[in-house]
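**Student:** Got a sequence here, can you model it:
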Amino acid sequence: MKQYVGGARLWGALVVAEQTGRHAAMRAAVPVAISVALCAMSVSFAGSAMAASEKKEAKAKVSKSQQAVKAADSQSSDRSSDSAMGLVPSTSGTVAAQSVWHTLKGPAAQAFSDLIEDFNRQHPGQALAVRGFASSEALLAELKTKQGRSDAPLWVQWPAGSPDALYSQFKNNAFENVQDFLSDRGTAAVQQASMAATAAFRNAKGKWVALPLTAAVPVVMYRADAFEKAGLPVTTQFADWKDLQNAAWRMRETGNACGIASPYPSWVHVENMSGWHSQPVTTRNDGEDGKAGQYSYNALPQVRHMALIMSWVKSDLVFNGSSEQALQAWADGRCSILLGPSTAFGDLPEAVRQKVVVAPMPLWSEVSPSQGKLFPNGDGLYLMRPVTKEQKEAAATFANHWFKSDVAARWHQKTGAVPLTPEAELVTRRAGFYERIPGWGVISAKLAQVKSAIVKPFQFAKRQDVLNAGDKEIQSAFVSGKAAKSVLDDSVRSANEIAAKSD
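**Tutor:** Numbers count the residues shown, from 1 in each chain. You can find the predicted model right below:
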């Protein structure tokens, strides 16, 4: 066991240790070792392209959708950001009978309010009011006082992986299964939704229980102007993890407060690192062969990767703090590189978003010669069970509106959320967005069109609880210096204890 742990520690330090004399002071905490040779990765996913007939149909609608996106952006450019945390009435002066509650922040909150205002303008008889909350906990506390009341919201934002934590607070099946609700009404959104957008919101039967709101995949994102200032090439792919590490070193050398912000470490560096390298997170092939078995992400490839990340923390290459603090460090520019959710794009002001480059995560070629699969995550809009005919119609109308190609394209472009539909991806591409933001196009096209690029995380028992516990374990180890092998062993043990409590 000592040999195994020691080897993992050394492996993780190898890439960090190999730097030029300019890094000598920062390298003191890391053992000197030889470098690891890694192969370059190519941005490709398994699977087939969208069927030709689907493309033809989508292209017919692209031009009209592009115009709608452009017009909507023009109309919203002068709106006050104060509406993001208040009520958005219908433009006709009609008082909104229903409401939607969210926990979005900053530019993303404003973009959401703008979209709701446009919805209200188009559907004044079914207008929605918007109410923002500081946290999911604050939203839930207020929501518990509203059940059965006429002023209860119609839609509420909640994390994808923990719907039970929401459902258990209410009696009498207070929430609708969104896909079933829409299917019963013949809503077109059911057929339009992509697997990438809905995978995280599906239940054990494979049906999505919420509208995707901030569905994200892990990416590398960085500010091109910071790279140019540091003398680094602007690239849409990193050859390997050493390549990304070298960029982080340069960020530190050129005065950045940190090299990389990497929030949600369990989701990025355990769950997705495993899927990206075709390594299982659970037994039974991660649920592809049926219901997933026990958590088992403490094999040598995962331990090696965790050892590397921990060596980065020791060398001050990675921001050491909570996920919320890491996201803020990225948003305010202290960290010019993000290794985290694609929706961190929406945390940036418009002017900064235009200077961002996006790339897939690097690959350990000796672990897997090609890219594997991804585990999307994020928050959804959950539907409180409508009672009246008017409420049901309003819910269905909003869901259809949310999946309209111009609306879905605009939301994707403003926030970095996974495109809700393949057509939304095509609208965005035709509008030239992917040319302005290098790297987005390759990722978005594959996610929107290739189902096999996505793992079905709904098979994982108590997924969000497991991820939250894993974050605490990893972030605690960043401070204590606990060995990578012990970190993952303890995390797996805790994950299986949490899963055993599943109903």
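
**Student:** Pull up the distance across stretch 384-392, start to finish.
**Tutor:** Stretch 384-392 stretches 10 Å from its first residue to its last (Cα to Cα, to the nearest Å).

**Student:** residue nearest the centroid of the chain?
**Tutor:** Centroid check for the chain by Cα atoms, centre = their mean gives A216 as the closest residue, at 2.3 Å.

**Student:** quick one, strands of the stretch 51-200 of the chain?
**Tutor:** For the stretch 51-200 of the chain, applying DSSP state E, counting those that start in this stretch gives strands covering 98-102, 128-132, 155-159, 175-176.

**Student:** Turn those strands into JSON lines, including distance to Q191, mean pLDDT and mean neighbour count.
**Tutor:** In short, each C-beta sits where N, CA and C put it, glycine included. Below are the strands of the stretch 51-200 of the chain laid out as JSON lines (distance: least, Cβ to Cβ, whole Å; pLDDT from 0 to 100; neighbours: other Cβ atoms under 10 Å):
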{"stretch": "strand 98-102", "distance to Q191": "24", "mean pLDDT": "96", "mean neighbour count": "23"}
{"stretch": "strand 128-132", "distance to Q191": "24", "mean pLDDT": "96", "mean neighbour count": "22"}
{"stretch": "strand 155-159", "distance to Q191": "21", "mean pLDDT": "96", "mean neighbour count": "26"}
{"stretch": "strand 175-176", "distance to Q191": "19", "mean pLDDT": "93", "mean neighbour count": "18"}
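
**Student:** how about the ones you listed, which one is nearest V418?
**Tutor:** V418 lies closest to strand 155-159 among the strands of the stretch 51-200 of the chain, at 15.6 Å (Cβ to Cβ).

**Student:** Other residues contacting that closest one?
**Tutor:** With contacts defined as Cβ atoms under 8 Å, 6 or more residues apart in numbering, strand 155-159 is touched by 99-104, 128, 136, 139, 143, 166, 210-211, 213, 377-384, 395, 398, 464.

**Student:** gap between the residue nearest to V217 when sequence neighbours are not counted and K207?
**Tutor:** Of all residues not flanking V217 in the chain, L374 sits nearest, at 4.8 Å (Cβ to Cβ, 6 or more residues apart in numbering). Computed as Cβ to Cβ, to the nearest Å, the L374 to K207 distance reads 21 Å.

**Student:** Mind checking which of the two has more residues around it?
**Tutor:** The residue with more neighbours, out of L374 and K207, is L374; 27 against 16, by other Cβ atoms under 10 Å.

**Student:** tell me the contacts of V220?
**Tutor:** Counted by Cβ under 8 Å, 6+ apart, V220 has contacts 238, 244, 337-339, 358-362.

**Student:** Nearest to Q302 among those?
**Tutor:** Closest to Q302, out of all of those and judged by Cβ to Cβ, is M361, at 14.1 Å.

**Student:** May I have the phi/psi pair for P360?
**Tutor:** phi -70, psi 160 (degrees, to the nearest 10).

**Student:** Next one, pLDDT for it please.
**Tutor:** Per-residue pLDDT puts P360 at 92.

**Student:** Touching, it and W440? I think so.
**Tutor:** No. Look at P360 against W440 with Cβ atoms under 8 Å: they stay out of range, at 11.1 Å.

**Student:** pLDDT weak spots in this protein?
**Tutor:** Low-confidence segments of the chain, defined by pLDDT under 70: 1-96, 287-292, 445-446, 448-459, 502-503.

**Student:** Kindly recompute the last result at 80.
**Tutor:** 1-97, 161, 172, 186-191, 204, 284-292, 442, 444-461, 502-503 (pLDDT under 80).

**Student:** The stretch 251-400 of the chain: strands as residue ranges?
**Tutor:** Using DSSP E, counting those that start in this stretch, strands in the stretch 251-400 of the chain cover 258-261, 335-341, 356-359, 379-384.

**Student:** The third one packs against which elements?
**Tutor:** It refers to strand 356-359. strand 218-223, helix 224-229 (3 or more Cβ pairs under 8 Å, 6 or more residues apart in numbering; DSSP states H and E).

**Student:** how about 6 Å then?
**Tutor:** strand 218-223 (3 or more Cβ pairs under 6 Å, 6 or more residues apart in numbering; DSSP states H and E).

**Student:** same question, the first one
**Tutor:** Using 3+ Cβ pairs under 6 Å, 6+ apart as the contact criterion, the neighbours of strand 258-261 among helices and strands are helix 241-253, helix 323-331, strand 335-341.

**Student:** Of these, which stretch is the most buried?
**Tutor:** strand 335-341 (a mean of 27; mean count of other Cβ atoms under 10 Å).

**Student:** and the angle from it to helix 241-253?
**Tutor:** Interaxial angle, strand 335-341 versus helix 241-253 (axes from the mean of the first three to the mean of the last three Cα atoms, to 10 degrees): 140 degrees.

**Student:** can you offset everything so residue one is 715?
**Tutor:** Let's use 715 as the start, then, which means that last one is strand 1049-1055.

**Student:** can you list contacts of strand 1049-1055?
**Tutor:** Outside strand 1049-1055, the residues that touch it by Cβ atoms under 6 Å, 6 or more residues apart in numbering are 930, 934-937, 940, 965, 970, 972, 974-977, 982, 1033, 1043-1044, 1058.

**Student:** Stretch 909-928 too?
**Tutor:** With Cβ under 6 Å, 6+ apart, stretch 909-928 has contacts from 871, 874, 877, 891-893, 929, 1057, 1090-1096, 1116, 1131-1132, 1134, 1161, 1165, 1168, 1170-1172.

**Student:** List only buried entries from these.
**Tutor:** The neighbour count (16 or more other Cβ atoms under 10 Å) marks 871, 874, 877, 891-893, 929, 1057, 1090-1096, 1116, 1131-1132, 1134, 1161, 1168, 1170-1172 as buried among the contacts of stretch 909-928.

**Student:** Which parts of the stretch 1065-1214 of the chain are helices?
**Tutor:** 1103-1116, 1119-1129, 1136-1144, 1147-1150, 1154-1163, 1177-1194, 1198-1213 (DSSP state H, counting those that start in this stretch).

**Student:** picking that back up, the residue nearest to the centre of the chain against A1058, yeah?
**Tutor:** No. A930 is not in contact with A1058 according to Cβ atoms under 6 Å; the separation is 8.1 Å.

**Student:** picking up where we left off before, any idea which of the helices of the stretch 1065-1214 of the chain gets closest to Q1039?
**Tutor:** Using Cβ to Cβ, these put helix 1177-1194 closest to Q1039, at 10.2 Å.

**Student:** Packing partners of the closest one?
**Tutor:** Using 3+ Cβ pairs under 6 Å, 6+ apart: helix 1177-1194 touches helix 979-980, helix 1198-1213.

**Student:** Look at P1074 and W1154 and report which has more neighbours.
**Tutor:** A direct count of neighbours by other Cβ under 10 Å for P1074 and W1154 places W1154 higher, at 28 against 24.

**Student:** distance between the ends of stretch 834-852?
**Tutor:** Termini of stretch 834-852 sit 26 Å apart (Cα to Cα).

**Student:** for that stretch, the distance to its chain's centre please.
**Tutor:** Counting by Cα atoms, centre = their mean, to the nearest Å, stretch 834-852 is centred 22 Å from the centre of its parent chain.

**Student:** related to what we said a few turns ago, of all the helices and strands packed on strand 972-975, which one is nearest T901?
**Tutor:** If we rank the helices and strands packed on strand 972-975 by Cβ to Cβ, the stretch that ends up nearest is strand 1049-1055, at 27.9 Å.

**Student:** Lovely, talk soon.
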